[in-house]
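1. Sequence first, predicted model second:
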Amino acid sequence: RGGRRCSLAIDGRHAAAMALADPIRPEAAQAIAELHRLGLQTAMISGDVQATAEAVGRKLGIDRVTAGVLPEGKLAAIRDMGRGTVFVGDGINDAPALAAAETGIAIGTGTDVAIESAQVVLVGGDPMGVARAIRLSRSVMRNIRQNLFWAFGYNVALIPVAMGALVPFGGPQLSPMLGAGAMALSSVFVVSNALRLRRAG
């Protein structure tokens, strides 16, 4: 999070300088470290002044910091990053970037506009939810590929056997009852493999 600076004048004379800063969430550094462990680069795009944003970026270990940008600047930064971008935001100013990113993740405690603009909404405000969401999405895609491979290979192998293609060569022939059981076994495997996702994340 960033901050704001302002000055106080009395009768036209400088009297004081004040600085307001949002506290950094305790889980933020751990969330950034977890994203790095997943092989991802991190960037912070902020409307705050460059010095403040860079100080926060250094403290959290963020790879790249872009500061002093308006909503259209955030949108341009997302487009410059190209394919595969994931943008996380919670404010009104984040809505255009959330909509433009390949995957927009809104913090559930953020504004309604940000939530409506995102493809994924995290329940609560824990930044560790971002890493969990990415891990889960990767597990789902891996599971889908496994199930497609198993179902395709299983059917390619057993359909010719059920048709009796091996009988002329002295091979087995599946009865309709065994064929139905074999298809049911394929479905059981696919469903069981998908149920493993409950332990993902």
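-> That came through fine. Numbers count the residues shown, from 1 in each chain.
2. How many residues are close by N155?
-> N155 has 14 neighbours, counted by other C-beta atoms under 10 Å. The way it works is simple: take the backbone N, C-alpha and C, and place the C-beta from them, glycine included.
3. actually G61, sorry about that
-> 13.
4. Next up, the contacts around it.
-> 29, 32-33, 36, 42 (C-beta atoms under 8 Å, 6 or more residues apart in numbering).
5. Now do the phi/psi pair for it.
-> Note on G61: backbone dihedrals following degrees, to the nearest 10 are phi 80, psi 30.
6. The residue nearest the centre of the chain is in what secondary structure piece?
-> The chain has I134 as the residue nearest its centroid, 3.8 Å off, counting by C-alpha atoms, centre = their mean. Per DSSP states H and E: I134 is located in helix 128-162.
7. How is this protein divided into domains?
-> 23-132, 136-198 (the TED database).
8. Kindly compare burial across these and name the winner.
-> domain 23-132 (a mean of 17; mean count of other C-beta atoms under 10 Å).
9. Between the two ends of that domain, how far is it?
-> Taking C-alpha to C-alpha, to the nearest Å as the measure, domain 23-132 stretches 23 Å from start to finish.
10. next one: stretch 62-72
-> 22 Å.
11. contacting residues around it?
-> 2, 32, 41-50, 52-54, 56-57, 73, 76-77, 93-97.
12. again with stretch 136-143
-> Contact with stretch 136-143 is made by 193-194, 196-197, 200-201, as judged by C-beta under 8 Å, 6+ apart.
13. Roughly how far does L195 sit from A151?
-> L195 is 16 Å from A151, where distance means C-beta to C-beta, to the nearest Å.
14. those helices in this structure, which residues are they?
-> Secondary structure of the chain (DSSP state H): helices located at 28-37, 50-60, 71-81, 95-100, 112-117, 128-162, 176-195.
15. Among those helices, which comes closest to S7?
-> Between S7 and the helices of the chain, the shortest gap by C-beta to C-beta is with helix 50-60, which sits at 16.0 Å.
16. got the angle for the closest one vs helix 28-37?
-> Here helix 50-60 runs at an angle of 70 degrees relative to helix 28-37 (axes from the mean of the first three to the mean of the last three C-alpha atoms, to 10 degrees).
17. CA-only coordinates of helix 50-60 in PDB, if you can.
-> Listed next in PDB are the C-alpha coordinates belonging to helix 50-60 (Å, rounded to 0.1, in the frame of the first residue of the first chain):
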ATOM      1  CA  GLN A  50       7.300   6.700  -7.100                       C
ATOM      2  CA  ALA A  51       9.400   6.900  -4.000                       C
ATOM      3  CA  THR A  52       6.600   5.600  -1.700                       C
ATOM      4  CA  ALA A  53       5.700   2.800  -4.100                       C
ATOM      5  CA  GLU A  54       9.400   1.700  -4.500                       C
ATOM      6  CA  ALA A  55       9.900   1.600  -0.800                       C
ATOM      7  CA  VAL A  56       6.900  -0.700  -0.400                       C
ATOM      8  CA  GLY A  57       8.100  -2.800  -3.400                       C
ATOM      9  CA  ARG A  58      11.500  -3.300  -1.900                       C
ATOM     10  CA  LYS A  59      10.000  -4.300   1.500                       C
ATOM     11  CA  LEU A  60       7.800  -6.900  -0.100                       C
END
